[in-house]
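Q: Sequence first, predicted model second:
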Amino acid sequence: MTTRRTPRAPGRADVPAPRPTTPPVRTGRRRFAELTGSWRAALRIARREARRSRRRTALVLAMIALPVLVLAFLAASYDMAELTPQERVDRRLGVADAELRWISQTPVEQDEWGGSWYTREGEHLPAGPVTAGQVAALLPPGSRVAEVRARVPLTVRGPDRDESIIGRVLDLTDPLARGVARFRAGRAPQQPGEVAVSPAALRRLDLRLGRALTMADGKGAYTVVGVVEFPDDLGPVVALHPGAVPRTVPELDSSWLADVPGGVDAALVARLNDRGVLVTPRHPTGSVPEPGRGWAGSIGATDTNDLSTGVLIAGLGLLEVVLLVGPAFAVGIRRRRRDLALVAVAGGDAAQLRRVVLADGVVLGVLGAVVGLVLGVAAAFAGRPLVEQYVFGARFGGYRCWPAALAVLGGVAVLTGVLAALAPAWTVARQDVSAGLAGRRTPPASRSRWLALGLSLVAGGAALAAFGAARTSPAVILTGLILGELGLVCCTPTLIGVLARLGRVLPLAPRIALRDASRNRAAAAPAICAVMAAVASSVALGGYLASDGVRDRHAYQPLLPPGHVLVSPNDLTRLPTLAQVTDAAREQLGTDAVVGVSAAVCVPPDGGYCDVAPALPAEQACPWRAGDDLSAAQRRQARADPRCQRRAVDYYGTYVEPLVDDGTALPQLTDADPAATAAATAVLRAGGVVVTDPRYLHNGLVTVQVKRADAGSDQPTTAAADLPGYALPAAVGQSRLLLSAAALRELDLKPTPAGWVIGTSSPPSGERQERFAAALRPFGAVSLMVESGGAPGDISPLLLLLAAAAGLITVGAAGIATALAAAEGRAELTTLAAVGAAPAVRRVLAICQAGVISGLGSVLGIVAGLGTAAIVLFSVNRQYATDWPTPVPYPYLVPWPVLGVLVLVPLVAMLGAGLFTRARLPIERRLD
């Protein structure tokens, strides 16, 4: 056997072969260093790409920063509007040591801040009129008090019509009172004939310093001597001298500012509580937790919103932004597929490729967060005076920006960028490296498991939304909506592929548009889903609101025939006459059909109770009462009992109004036909009664009951009488009992003026109502009620707002997707130009691309929205089907106003794509 030696190079000694070594163990520190280095390189690449693709970067930044800007503006404004405890006390007390409110004649117990109280023993008895001397007598020697009555309604003459504004009664010359106000011009009122007005009242009433402010009734005029601002109310306010308004029984907003030598201690608070006085000290008198912050302009605690609902709404908005931003990342990744393939060739694994793409989302998310937060906070600070004046109506506490909320918003913005880049990152990690190096596109794989997952999410989300609707839980409904939207996102790529295969029978431009949508599903599917989600949400909510509106109109019970006006007196000691009301109606409303109406009342004992109402016969009365806790069996019996077949509103809101009439007011009150009116008039003039509900008539008689109760007695006495009666067969308006003069005497009742009914053919406008009320004001204070029939307009403003919001998102998503598709398909357009395609082909292609995005998204959204609305309405009706009284069911309606707007939106998107697309095809030299 011959052994052959391996030849060696001249001059080189033999060396032993190296021993096989095991790969080094990757410790945790080394693994962390590799991960950090990988992310550092990915972030550098992302920063370079952001600079190179400035248009795409600007588009993504705008879409991320805009919602962050809006939310940062709201967060900063919210934080400034909430007052700290010290700011609230300073605003209420000014320079005083405490605020006192004499509310009861019995001892009370309060919290440390005077925000809540209760009586210690016995019944609460309101305090009577008190004077400054009486209040000061309760305080230590040397104390001073100043009265403040915060809300005194005033009706004054304006430049065009009478205006209702708020008056504050306080002595602004007193340093205690001036501490709660700030003068802008002029001086404080020093006598009863002088007033100071707020800047808003100055503008609204067209006043100037030195001019006269006249009351609407002409009984008083005041000279404007100053312009004053109250931080808690920036609306129209008039500051009156205490001598201008007589002191009456104190209201809940009447208070006394007190200057107490040595301050307020716990013993003084207890002594004042013993006399029924609430105390709000500048500093709490005990060791208590610091109260929460409250809204500017408010005194009590604020209402808290449902946090889960707010979080889900924010999550729905975040998903919408992700769907809109996703196509931009997808197109950017396809344009960089060769560079990413080179990274893979250089040794980058799938995780590193994903980091390179996700780094784009991190960089753009951080930039969007910084831009949105800075602009939002700057806008909140700059627009603070406008928000104070026109939104909150009160001054803010200080310049604050809620750092915790801004940090969350910044994190959400970064999360938005990462989520938008997540799908393209997974796509890049699975791409064919050789195809990426050659610049070839790999056909997208539409996996059946994604379709199955999407269908499961859609079905589960619909079921969860229906369950939430049955339990009236907005959080559960929104959760189901989000799951359903995610399911649609998973199903859309498969649907695009199916439509692309069907597009082979279409002309050239729509066939290319469908083919590009199928090849670029990573960009087209999110845009279609964004349109679909917006449209589906609007259609579903619009369908529910339309159904709810019809249900409300069905349940509405008018008080008078449509178009009629009820004039009610506010002061029974000073009433206009029937002739005066008729003259004013003839001049201002164009009608003289005016009748007076009197109510039938009984005179109860002092502090007692008295009620007049007809009684149902025993055979007509339902054995169960609404509001009782009935078992399921009892509810079934009640639903089957003919005596209990009434509307739910009739059980809970029925009140039979007792009136006095001889047949004169019948036509205006009930709008009954002439034959029924004549028969009812004959019964009234014969001494009988008339009812508008036939159930109260039995054997030609109506049983009228008069219940009286003495003060302090829980057992009323009942007197009943069977009177000849008549039931109007078809009466409009609420249930009424009309008594003749003879029936009134038999029941020992008395008539009292209840107002006047004016018959008009159509409801008068607001301006005519104001002129009519102004014409009657010299004769007495009255209030008007116009019966519109309860039917709102054909188109709800909220429905139009929903349609406009969905339309804006649709147009925006279609425009973004069309622009990205045009940028991606530039090479194909060059090929079309090379083979002789007409220049108009590019414009038609852009129109078709916009039509695919907006049209497909709108159609799917409308179908999904109608289905969601039907499920929700069915669930709600199913839930209440076993209740008694049976509520009016929700009808299944199509929100045609919303659909009408949404059908036009794809046409607008296509028209915009056609107008803003250059028809000339590019001619470029192809290097590949």
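A: Good, I have the coordinates.

Q: Domain ranges for the protein, per the record?
A: Domain ranges of the chain: 33-84+308-442, 90-292, 446-553+793-928, 565-623+636-786, per automatic domain parsing.

Q: part of a strand, is Thr591?
A: No. Counting by DSSP: H, G, I helix; E, B strand; the rest coil, Thr591 falls outside a strand, being coil.

Q: Can you give me the neighbour number for it?
A: Neighbour count of Thr591, defined by other C-beta atoms under 10 Å: 17. (Glycine included, C-beta is placed from N, CA and C.)

Q: Contact partners for it?
A: By C-beta atoms under 8 Å, 6 or more residues apart in numbering, Thr591 lies in contact with Ala585, Ile758, Gly759, Thr760, Ser761.

Q: Among these, which one lies nearest to Ala840?
A: Set against Ala840, the nearest of the contacts of Thr591 by C-beta to C-beta is Ser761 (57.7 Å).

Q: And that closest one, which helix or strand is it part of?
A: In the assignment (DSSP states H and E), Ser761 maps to no helix and no strand.

Q: How about Arg515?
A: Assigned by DSSP H and E, Arg515 falls in helix 508-519.

Q: can you give me the angle the following helix or strand past that helix makes with helix 508-519?
A: Per DSSP H and E, the first helix or strand lying C-terminal to helix 508-519 is helix 521-555. Following axes from the mean of the first three to the mean of the last three C-alpha atoms, to 10 degrees, one obtains 100 degrees for the angle between helix 521-555 and helix 508-519.

Q: just checking, what packs against helix 521-555?
A: helix 307-335, helix 403-429, helix 474-502, helix 508-519, helix 797-824, helix 840-880, helix 896-915 (3 or more C-beta pairs under 8 Å, 6 or more residues apart in numbering; DSSP states H and E).

Q: sorry, back to before: okay, buried residues for the helix holding Arg515 please.
A: Neighbour-count burial for helix 508-519, with 16 or more other C-beta atoms under 10 Å as criterion, is recorded at Ala509, Pro510, Ile512, Ala513, Leu514, Asp516, Ala517, Ser518, Arg519.

Q: Worst mean pLDDT among the domains of the chain?
A: Per-segment mean pLDDT for these reaches its minimum on domain 446-553+793-928, at a mean of 74.

Q: so how far is the helix holding Arg515 off the chain centroid?
A: With C-alpha atoms, centre = their mean, to the nearest Å as the basis, helix 508-519 stands 42 Å off its chain's centre.

Q: angle of that helix against helix 840-880?
A: If you take the same axes, to 10 degrees, helix 508-519 sits at 60 degrees to helix 840-880.

Q: Tell me which stretches of the stretch 151-300 of the chain form strands.
A: Ranges of strands in the stretch 151-300 of the chain, per DSSP state E, counting those that start in this stretch, are 162-170, 182-186, 194-197, 212-214, 221-229, 237-240, 254-259, 277-281, 294-295.

Q: re the thing from before, now tabulate the buried residues of helix 508-519 in a markdown table and tack on distance to Ala452.
A: What follows is these, written out as a markdown table (distance: C-beta to C-beta, whole Å):
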| residue | distance to Ala452 |
| --- | --- |
| Ala509 | 34 |
| Pro510 | 30 |
| Ile512 | 31 |
| Ala513 | 28 |
| Leu514 | 24 |
| Asp516 | 27 |
| Ala517 | 22 |
| Ser518 | 20 |
| Arg519 | 23 |
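
Q: Of the contacts of Thr591, select the buried ones using a PyMOL command.
A: Buried residues among these (16+ other C-beta under 10 Å), as a PyMOL selection:
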select buried, resi 585+758+759+760
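
Q: CA atoms only for stretch 513-530, dumped as CSV, please.
A: What follows is stretch 513-530, C-alpha atoms only, in CSV (Å, rounded to 0.1, in the frame of the first residue of the first chain):
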residue,chain,number,x,y,z
ALA,A,513,-56.7,48.4,-12.3
LEU,A,514,-58.0,45.1,-11.0
ARG,A,515,-54.8,43.3,-11.8
ASP,A,516,-52.7,45.9,-10.0
ALA,A,517,-55.0,45.7,-7.0
SER,A,518,-54.6,42.0,-7.0
ARG,A,519,-50.8,42.1,-7.4
ASN,A,520,-50.4,44.9,-4.8
ARG,A,521,-52.8,43.5,-2.2
ALA,A,522,-50.6,44.7,0.6
ALA,A,523,-51.4,48.3,-0.4
ALA,A,524,-54.9,47.9,-1.9
ALA,A,525,-56.5,45.7,0.9
PRO,A,526,-55.8,48.1,3.8
ALA,A,527,-57.2,51.1,1.8
ILE,A,528,-60.3,49.1,0.8
CYS,A,529,-60.7,48.1,4.4
ALA,A,530,-60.4,51.7,5.7
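
Q: Could you give the separation of that stretch from the chain centroid?
A: Its chain's C-alpha centre and that of stretch 513-530 lie 35 Å apart, by C-alpha atoms, centre = their mean.

Q: and the strands of the stretch 151-300 of the chain, which is most packed in?
A: strand 194-197 (a mean of 26; mean count of other C-beta atoms under 10 Å).

Q: Listing partners with orientation, what would you give for that strand?
A: strand 221-229 (parallel), strand 237-240 (antiparallel) (DSSP bridges).
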